[in-house]
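In: Mind folding the following:
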Amino acid sequence: MKRSWRQRRVRSRPARWWNPWRSLRPSKGRGRRINETKSFGIRDIVASPSEVQARPDLRWRIIGLLFVLLLVLLILRLGQLQIGEHAAAQATVESNSLRVSYTPATRGNIYDRSGGLLVGNTTDTELLLSRAEAALHPSIKGSLASLTGLSVKQINAALNNVQYSPYQPAPILLTTPPALVEFLALHQSEFPGVTVAKISTRTYPGTGSLAPHVLGYVGPIAEKLSQLPKGYQTDSVIGKTGIEEEYEQFLRGTEGTQTLEVNALGQILNTVKTTKAQAGDSVVLNLDAGLQQAVDNILSAGILKDRTTLDPVSKVLPKALNGAAIVLNPNNGQVLAMASYPGYDLTNFTTGLSKAEYNQLIATGAFNNEAIQGLYVPGSTFKLITATAELQSGIMSSNYVVDDTGSFKVPGCLQGYHGCVFHDDDNAGAGPVNLAKALTVSSDYYFYNLGYLFWSQQSKYGLTPIQNVAAKYGLDGYTGIDLPNENFGRVDSPAVRRLLHSEAPKNFPTVGWYTGDNVEMAFGQGSTAVTPIEMANAYATFANGGTVYAPEVAAGVVNAHGRVVLRYLPRVISHVNLPASIREPILQGLTGVVANHDGTASGAFAGNITFSLSSFPIAGKTGTASNQPGQEPNSWFVGFGPTYAPKYVVLCVIEQGGYGADAAAPIVAKIFNYLVQHPVGNVKFKPQLVVPTTKTNKKTTKAAG
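Out: Here you go, the predicted model:
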């Protein structure tokens, strides 16, 4: 029987995989061409049904398992949607039908230390129009225009203002006359969507020019809402400067909410839920309102007078561009008064400022708080620092006598070289002086010599002994005062010189540090520049015996029910080593500045006080700090009293104001005159439900050097 080709293949190679393409390869021996190969089909590749074992049960099991798996996955997904994501789904659905509008909270008040109101609120009646109703009844705009005197264009602009939520009425008229309110109440059906609401705006009892830089103002939000804490809306107001900004978290209160149900067209159907707004907490300040008003008036009057008074040396009228005055309690850091000139009226931010008026205030620097932001060359007020460094280091004793000839030549300096010779005013030498007399008569020669000695003996005293003491007093860092945007000063040094040159090489072309630089720095010149609050705090530190306090404007926070919830205790920053052997000789010299006939400020006080210096002695220091050639010097005076039990530190500085004894000292004398006649009392909290707390020092960054 003849066997088929398939039977021969299966029997001859039962265990070998068959390659169908093998037959296409030509035989080595026969040389057969590819077109001579026999034809083949699918039956030559796939086994016949008789050769494959049928397994229908396995196939049904696999198919059934797949269906079961899909069913389980479906059940799990349904469970996740129905249970796990139920809350999120419900919120999504509700968000499609619910909208929330907000009612602004009444802002907290600001009081002075005796409980007097400095910043309050007044209630106005605001006219509102619903956007939805205006869309349904376009004629309402014309009716409102005829009633209010506004144009339809103005009403449309108010409705389209993106500052307000589309689901709450837009303010059309900020102050609505009572007659118009009454008319709308009687004809409510004729004005659908028109409502009136009570709103509060800031008010300033007495005058809005009282301490504007300290109190600050509020305004519309300019930042992105994502940059602010939760709870602010696009139409919220926020503290922009001063206490309003620093204590925003307490003053702002909690806004009320109104949850509205709307349809697919955005039309309001009904009110679902309403929560009342909670008024903000009030802030009690350490400022004394009467003293603050006196300081504001005395500073502005003094600067205006200075502009019309010839400098006795240069015979020119000082420009007296700006200035500051500060009163501190040296025993705890309380800020009793703080004034900056020029100023502005806070009421302008409630009645409205034109663009021209705003630009004018910007151009004159009226918004700058010179007390904490202004940088001034300190001049002779810096001698307190150099004197402290002298006695702490022992480089000279307080009794060592120097012959002040009025002209100091740096030993070993080349003849004619710039920076070799330093002169007192008009080369007027004071003769033999020790430390106390050098401070009393403000001998520059004495401190020139100290600058030279420290530099020439740097191997013994280090590269920056005077700068190190200045840092201890806080003249090169933030004081930590609780006001925003505080600046920090710098004390000239090799490191500061390099930093200034890298930042502004044209303004500070010199990189090196030489003997003359150390001489200038020792009496408060060169590239040294400090803020008034830094210098006031340095003298407060000396006055109290060496404790550096952070200046504190706020005394505490009182809630809407009158309960004191926060009371700020004194914050100690650091200490300066001032034993009697160091402090007494310096104190003797500072007392002589005012009390001695030769003192640089004796004449200024004699002509401006009505009290006796024997009953209320005052110590202090004048400062006359040179500026650029052709400019009048900065005028400084800082004093404290009573000398041996100090209650107050008073500082005044006037940029390009002339001599310290002529411009700044009379202002300080007049402020002391007020203080003696009107002593500052204790802070009053009503009721006395006090929860003591302390504040952390938020600002510790220091300048280079």
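In: does residue 381 sit in a helix, a strand or a coil?
Out: When classified by DSSP: H, G, I helix; E, B strand; the rest coil, residue 381 comes out as helix.
In: Distance check, the spatially closest residue to it that is not a sequence neighbour against residue 487.
Out: Spatial nearest neighbour of residue 381, chain neighbours left out: residue 623 (3.7 Å); criterion: C-beta to C-beta, 6 or more residues apart in numbering. In short, each C-beta sits where N, CA and C put it, glycine included. Per C-beta to C-beta, to the nearest Å, residue 623 is found 19 Å from residue 487.
In: If you tally nearby residues, what's the number for the residue nearest to residue 381?
Out: Residue 623 has 30 neighbours, counted by other C-beta atoms under 10 Å.
In: Equivalent analysis for residue 577, please.
Out: Neighbour count for residue 577, taken as other C-beta under 10 Å: 12.
In: how about it, what does it touch?
Out: By C-beta atoms under 8 Å, 6 or more residues apart in numbering, residue 577 lies in contact with 392, 546.
In: pretty sure it belongs to a helix, no?
Out: No - counting by three-state DSSP, residue 577 is not found in a helix; it is coil.
In: so how far is residue 393 from it?
Out: From residue 577 across to residue 393, the span is 11 Å (C-beta to C-beta).
In: hang on, the earlier thing: just confirm the residue nearest to residue 381 contacts residue 639, I think it does.
Out: No - the criterion here is C-beta atoms under 8 Å, and residue 623 misses it with residue 639 at 11.4 Å.
In: Dump the host helix or strand of residue 636 to PDB, keeping only the CA atoms.
Out: In this structure, residue 636 sits in strand 634-641 according to DSSP states H and E. Extracted C-alpha coordinates of strand 634-641, given in PDB (Å, rounded to 0.1, in the frame of the first residue of the first chain):
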ATOM      1  CA  ASN A 634      22.500 115.700  59.300                       C
ATOM      2  CA  SER A 635      21.300 117.200  62.600                       C
ATOM      3  CA  TRP A 636      21.100 114.700  65.500                       C
ATOM      4  CA  PHE A 637      20.300 114.800  69.200                       C
ATOM      5  CA  VAL A 638      19.500 111.900  71.500                       C
ATOM      6  CA  GLY A 639      19.000 112.200  75.200                       C
ATOM      7  CA  PHE A 640      17.500 110.400  78.200                       C
ATOM      8  CA  GLY A 641      16.200 111.500  81.600                       C
END
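In: and the next element down the chain from that strand?
Out: From strand 634-641 onward toward the C-terminus, using DSSP H and E, the following helix or strand is strand 648-654.
In: rewinding a little: just the pLDDT at the residue nearest to residue 381, thanks.
Out: For residue 623, the pLDDT comes out at 96.
In: For my notes, confirm it occurs in a strand.
Out: Yes - counting by three-state DSSP, one finds residue 623 located in a strand.
In: Can you name the residues bridging to it?
Out: residue 636 (DSSP bridges).
In: what's near enough to touch it?
Out: Residues near residue 623 by C-beta under 8 Å, 6+ apart: 378-382, 524, 634-638, 653, 660, 664.
In: at 10 Å instead, please
Out: 376-383, 442, 523-524, 535, 600, 633-638, 651, 653, 659-661, 664-665 (C-beta atoms under 10 Å, 6 or more residues apart in numbering).
In: okay, and the common contacts of residue 623 and residue 639?
Out: Common neighbours of residue 623 and residue 639, using C-beta under 10 Å, 6+ apart, are 651, 665.
In: Tell me which residue is most central in this protein.
Out: Note on the chain: the residue nearest the mean C-alpha position is residue 484, at 3.0 Å, using C-alpha atoms, centre = their mean.
In: Which residue comes closest to it once chain neighbours are left out?
Out: What sits nearest to residue 484 in space, not counting adjacent residues and going by C-beta to C-beta, 6+ apart, is residue 245, at 5.0 Å.
In: What count of nearby residues applies to that neighbour?
Out: Residue 245: 17 surrounding residues under other C-beta under 10 Å.
In: wait, doesn't the residue nearest to the centre of the chain sit right on residue 216?
Out: Yes - using C-beta atoms under 10 Å, residue 484 is in contact with residue 216, at 8.1 Å.
In: Show me the common contact partners of the two, please.
Out: Between them, residue 484 and residue 216 share these contacting residues under C-beta under 10 Å, 6+ apart: 239-246, 248, 369.
In: Identify the farthest-apart pair in those residues.
Out: Taking C-beta to C-beta, the two most distant members of the shared contacts of residue 484 and residue 216 are 248 and 369; they sit 17.1 Å apart.
In: These two: who's more crowded?
Out: Taking other C-beta under 10 Å, residue 248 and residue 369 do not tie; residue 369 has more neighbours (26 against 19).
In: Quick check: which element contains the residue lying closest to that one once chain neighbours are set aside?
Out: Sequence neighbours aside, residue 213 is the residue nearest to residue 369 in space, at 3.9 Å (criterion: C-beta to C-beta, 6+ apart). Assessed by DSSP H and E, residue 213 sits inside helix 212-215.
In: still on that earlier bit, tell me, what's touching residue 577 and residue 393 both at once?
Out: Shared contacts of residue 577 and residue 393, defined by C-beta under 10 Å, 6+ apart, are found at residue 469.
In: For the chain, which helix extends over the most residues?
Out: Longest helix in the chain by number of residues (criterion: DSSP state H): helix 56-79.
In: quick check, distance from that one to the centre of its chain.
Out: With C-alpha atoms, centre = their mean, to the nearest Å as the basis, helix 56-79 stands 65 Å off its chain's centre.
In: Show me what it is packed against.
Out: Helix 56-79 is packed against no helix or strand, with contacts defined by 3 or more C-beta pairs under 10 Å, 6 or more residues apart in numbering; DSSP states H and E.
In: Which residue ranges of the stretch 101-250 of the chain form helices?
Out: Assigned by DSSP state H, counting those that start in this stretch, the helices in the stretch 101-250 of the chain fall at 131-136, 139-148, 152-159, 178-186, 212-215, 242-246, 248-251.
In: quick one, which of the ones you listed is packed in tightest?
Out: Mean neighbours per residue, mean count of other C-beta atoms under 10 Å, is largest over these for helix 212-215, with a mean of 25.
In: Can you give me the buried ones in stretch 360-379?
Out: Across stretch 360-379, burial judged by 16 or more other C-beta atoms under 10 Å covers 361, 366-379.
In: Which ones among those lie within helices?
Out: Using DSSP H, the buried residues of stretch 360-379 in helices are 361, 370-373.
In: now the residue nearest to residue 381: how far from residue 655?
Out: Distance from residue 623 to residue 655, by C-beta to C-beta: 12 Å.
In: before we move on, the earlier item: of all the ones in helices among the buried residues of stretch 360-379, which two lie farthest apart?
Out: 361 and 372, at 18.3 Å, using C-beta to C-beta across these.
In: show me what contacts residue 379?
Out: Residue 379 makes contact with 442, 444, 523-525, 528, 621-627, 633-636, 653, 659-660, according to C-beta under 10 Å, 6+ apart.
In: could you redo the last one with a cut-off of 6 Å?
Out: 524, 623-625, 636 (C-beta atoms under 6 Å, 6 or more residues apart in numbering).
In: any chance you could map the strands in the stretch 401-550 of the chain?
Out: Counting by DSSP state E, counting those that start in this stretch, the stretch 401-550 of the chain has strands at residues 402-404, 407-409, 421-423, 431-433, 547-549.
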